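Visitor: Give me a model of this one.
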Amino acid sequence: MKSISILLLTFICATGVLAQKARMTKADKKYDQYAYIDAIKVYEKVAEKGYKSANLFENLGNAYYFNGELDKAEKWYGELFALNQTVDPIYYFRYSQSLKSIGQYDKANSMLKTFYQKTNDPAGNELLKDPDYAEKLRTDSGRFQVENSGTNSKYSDYGAAFFNEGVVFASARDTGGVFHRKHKWTNQYFTKLYTAKIGSDGFLEPAEKFSESIDTRFHEATPVFTKDGTTMYFTRNNYNNGKKGKSSDRVVKLKIYKATLVDGKWDNVIEMPFNSNNYSTAHPALSPDEKLLYFSSDMPGSLGNSDIFKVAINSDGTYGKPENLGKTINTSGRETFPFVSLKNDLYFASDGHLGIGGLDIFKSKIRNDGYSTPENLGSPVNSPKDDFALILDSQQQMGYFSSNRDGGQGSDDIYKFRELRCEQLLKGVITDKESGLPLPNAKVSLFDANMNPVGTMQADSGGNYRFENIDCDKNYYVRAEYDGYQTQEVSVMIPAKSGETTRNIALEKKVIPIEPGIDLAKVLDIEIIYFDLDKWNIRPDAEIELQKVITVMKEHPTITVDIRSHTDSRQTHKYNERLSDRRAKSTLEYMVKHGIDRSRLTAKGYGETQLVNRCSDGVKCSEAEHQQNRRSEFIVVKM
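Guide: All right, here's what the predicted structure looks like:
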């Protein structure tokens with residue numbers, strides 16, 4: 001009996017193991033077909049029976065992770081690491097993101113650090129520089145006010161775009177059609193485009209279907225419209241004109257399509273020439289001048305799971321070659337959902353840059369030479385979950401973004417945000433560069449990026465200056481002036497958040513070795529006093545240079561100066577002598593008019609009689625060599 005019992009128990013255990021393996025095979029098949037919801041149901045039943053394997057926990061974690069349920073993914077990634085087996089480095093990254101979703105940032109950073117070490121990812125340097133980044137980002141700076149947009153359903157709603165007096169967005173809501181197809185990845189209906197008017201204070205009114213002519217039996221999402229409202233770019237599964245395309249591994253990828261408005265109907269749907277059956281292109285965005293189309297893709301040449309690209313829209317309707325935005329923007333993770341504001345700022349979602357958790361929204365300024373270092377928008381726009389698809393009305397300082405954060409109505413919801421008045425205090429101290437002592441009552445002037453005056457003030461007795469209520473996210477210039485010191489002008493970039501910016505300025509004393517025989521033009525770095533051809537009246541640009549000499553003579557009221565004007569050897573000797581003499585005397589009269597006593601000045605033109613190089617008559621010289629001879633001198637005669 002004992003041997004029979006043992007045999008029976010062995011048979012039952014073997015049968016149990018075989019049953020779990022059969023369930024695993026079934027679940028793996030669904031997982032490989034991206035039927036994550038069905039796969040999760042089977043995997044969890046297997047796990048409940050006590051079955052453990054790296055493959056089980058990886059796939060369970062991934063199924064939740066790819067559906068944006070990071071808090072549930074954390075449980076199974078935790079089980080995976082509890083096995084103490086070697087895992088692919090990507091699981092350190094995914095576990096880190098999942099840990100952030102439940103607030104375990106210390107453990108998350110440890111996992112992230114290990115991921116960077118194992119992959120030699122350069123982003124690890126940022127973590128080392130600022131290990132407390134997450135706490136800073138979670139602190140509400142008061143820059144944004146975030147609220148539910150008012151049009152969300154219990155299903156996924158995301159990816160809004162401005163259109164006419166409202167927005168157009170993707171939704172998986174059921175609006176009562178005859179046939180309802182659910183996507184096995186999410187167990188939700190395939191998304192269609194909906195539109196909602198923007199009501200009072202930015203809240204969205206009830207939504208309705210946008211266009212029956214665009215709808216198919218697959219996903220439509222993330223549109224963008226030209227300013228004239230006649231062209232739309234949007235994302236759809238690889239399906240058009242009744243034909244479905246698949247990749248070489250039998251997956252229906254995403255593609256960007258273009259539609260035009262004809263007689264009030266969206267028609268002429270064509271796919272972009274840079275699409276492919278074997279990779280995805282999605283989430284189009286237009287530059288303010290509509291000459292560039294930005295989008296997300298995992299096409300060859302991508303740095304991570306998905307990168308942001310741009311492509312030129314040519315005047316003849318053709319498109320250029322897609323260009324990766326490079327390592328400043330793209331990482332080994334996901335960069336997606338681009339948007340370009342009227343101020344030419346690039347907003348995008350990323351989980352590769354340091355963030356609060358999941359996808360975070362970042363901002364980078366588009367420059368002529370590239371892109372500024374992305375700035376995380378922080379809380380409350382970003383959360384421990386996925387935050388993405390931001391659009392902004394720069395004039396109204398309000399917009400919308402999507403998130404699956406806790407407290408929403410569906411898996412993804414659209415939130416409205418308003419950028420509150422962002423103000424900065426710009427302050428600093430004006431000091432003597434050599435001694436470090438403050439310069440009391442120094443004159444301090446503030447200019448905008450175009451050198452338009454913003455304000456002027458006197459520093460206090462301690463050399464302190466303050467400019468209050470300065471606009472954020474702008475470049476300014478601060479000019480400091482003090483008697484006996486060289487004026488200095490510095491550039492200051494004000495951050496895109498409220499707070500204080502400090503810019504101290506140290507001035508150097510003017511050291512002018514004035515003694516008889518010295519040329520003030522050389523001391524003051526005046527290369528040439530320009531006159532118009534064959535004329536001797538003082539030009540505005542010459543006035544700027546002459547004012548330097550006038551200032552020195554006023555500071556040293558006992559010196560006398562001989563003004564000497566010289567020409568090159570071109571033209572006749574007599575002509576050059578007369579012209580230079582008129583110019584010298586014109587210079588003298590200008591200086592007298594501006595406060596220098598006539599008795600302190602003499603003036604004479606020397607024509608081409610005192611050349612400083614070989615360029616005499618008949619000698620071939622360059623324009624630069626001739627210019628050396630066309631000079632003005634201000635020789636100190638006596639002190």
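
Visitor: Could you tell me the per-residue confidence at the nearest residue to Pro440 once chain neighbours are set aside?
Guide: Leaving aside its chain neighbours, Pro440 sits nearest to Ser461 (4.5 Å; criterion: Cβ to Cβ, 6 or more residues apart in numbering). From N, CA and C alone the C-beta is placed, and that goes for glycine too. In this prediction, Ser461 carries a pLDDT score of 93.

Visitor: where in the stretch 51-200 of the chain is pLDDT low?
Guide: Scanning the stretch 51-200 of the chain with the threshold set as pLDDT under 70 gives 140-142, 174-188.

Visitor: Tell me where it has helices.
Guide: 54-66, 70-82, 90-101, 105-119, 124-129, 133-138 (DSSP state H, counting those that start in this stretch).

Visitor: Mind putting those helices into a markdown table with mean neighbour count and distance to Trp266?
Guide: Shown next, in a markdown table, are the helices of the stretch 51-200 of the chain (neighbours: other Cβ atoms under 10 Å; distance: least, Cβ to Cβ, whole Å):
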| stretch | mean neighbour count | distance to Trp266 |
| --- | --- | --- |
| helix 54-66 | 21 | 31 |
| helix 70-82 | 20 | 36 |
| helix 90-101 | 24 | 37 |
| helix 105-119 | 18 | 44 |
| helix 124-129 | 13 | 43 |
| helix 133-138 | 16 | 40 |
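
Visitor: Out of those, which gets nearest to Glu44?
Guide: helix 54-66 (6.9 Å; Cβ to Cβ).

Visitor: The closest one - contacts with which helices or strands?
Guide: Where contact means 3 or more Cβ pairs under 8 Å, 6 or more residues apart in numbering; DSSP states H and E, helix 54-66 is packed against helix 2-32, helix 36-48, helix 70-82, helix 90-101.

Visitor: Helix 70-82 and that one, what's the angle between them?
Guide: 160 degrees (axes from the mean of the first three to the mean of the last three Cα atoms, to 10 degrees).

Visitor: what angle separates helix 54-66 from helix 90-101?
Guide: In terms of direction (the same axes, to 10 degrees), helix 54-66 departs from helix 90-101 by 50 degrees.

Visitor: Helix, strand, or coil at Asn441?
Guide: Under DSSP: H, G, I helix; E, B strand; the rest coil, Asn441 falls in the coil class.

Visitor: so it makes contact with Ser461?
Guide: Yes: counting by Cβ atoms under 8 Å, Asn441 touches Ser461, with 7.3 Å between them.

Visitor: List phi and psi for Leu292.
Guide: phi -130, psi 140 (degrees, to the nearest 10).

Visitor: Below-threshold pLDDT in the stretch 351-500 of the chain: ranges please.
Guide: Filtered on pLDDT under 70, the stretch 351-500 of the chain yields no residues whatsoever.

Visitor: could you redo the helices of the stretch 51-200 of the chain as CSV and give each row distance to Ala506?
Guide: What follows is the helices of the stretch 51-200 of the chain, written out as CSV (distance: least, Cβ to Cβ, whole Å):
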stretch, distance to Ala506
helix 54-66, 53
helix 70-82, 50
helix 90-101, 43
helix 105-119, 39
helix 124-129, 27
helix 133-138, 30
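
Visitor: for the ones you listed, which one sits closest to Arg217?
Guide: Arg217 sits nearest to helix 54-66 of all the helices of the stretch 51-200 of the chain, at 22.1 Å, using Cβ to Cβ.

Visitor: hey, where'd the helices end up in the stretch 501-639 of the chain?
Guide: Counting by DSSP H, counting those that start in this stretch, one finds helices in the stretch 501-639 of the chain at the ranges 520-523, 540-555, 573-593, 623-629.

Visitor: Redo those as CSV? Include distance to Phe417 and mean pLDDT.
Guide: What follows is the helices of the stretch 501-639 of the chain, written out as CSV (distance: least, Cβ to Cβ, whole Å; pLDDT from 0 to 100):
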stretch, distance to Phe417, mean pLDDT
helix 520-523, 57, 82
helix 540-555, 48, 85
helix 573-593, 58, 89
helix 623-629, 57, 80
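
Visitor: Any chance of JSON lines for these, columns distance to Thr139 and mean neighbour count?
Guide: Below are these laid out as JSON lines (distance: least, Cβ to Cβ, whole Å; neighbours: other Cβ atoms under 10 Å):
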{"stretch": "helix 520-523", "distance to Thr139": "53", "mean neighbour count": "18"}
{"stretch": "helix 540-555", "distance to Thr139": "48", "mean neighbour count": "15"}
{"stretch": "helix 573-593", "distance to Thr139": "59", "mean neighbour count": "18"}
{"stretch": "helix 623-629", "distance to Thr139": "58", "mean neighbour count": "14"}
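
Visitor: Tell me which of those sits nearest to Gly229.
Guide: Among these, helix 540-555 comes nearest to Gly229, with 47.7 Å by Cβ to Cβ.

Visitor: Alpha carbons of that closest one, in PDB - could you do that?
Guide: Only the C-alpha atoms of helix 540-555 are listed here, as PDB (Å, rounded to 0.1, in the frame of the first residue of the first chain):
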ATOM      1  CA  PRO A 540      27.100 107.200 -36.300                       C
ATOM      2  CA  ASP A 541      29.500 104.300 -36.000                       C
ATOM      3  CA  ALA A 542      32.400 106.700 -35.800                       C
ATOM      4  CA  GLU A 543      30.600 108.600 -33.000                       C
ATOM      5  CA  ILE A 544      30.700 105.500 -30.800                       C
ATOM      6  CA  GLU A 545      34.500 105.300 -31.200                       C
ATOM      7  CA  LEU A 546      35.000 109.100 -30.700                       C
ATOM      8  CA  GLN A 547      33.000 109.000 -27.500                       C
ATOM      9  CA  LYS A 548      35.700 106.700 -26.000                       C
ATOM     10  CA  VAL A 549      38.300 109.400 -26.600                       C
ATOM     11  CA  ILE A 550      36.000 112.100 -25.300                       C
ATOM     12  CA  THR A 551      35.400 110.100 -22.100                       C
ATOM     13  CA  VAL A 552      39.100 109.700 -21.400                       C
ATOM     14  CA  MET A 553      39.800 113.400 -22.000                       C
ATOM     15  CA  LYS A 554      37.000 114.400 -19.600                       C
ATOM     16  CA  GLU A 555      38.500 112.000 -17.000                       C
END
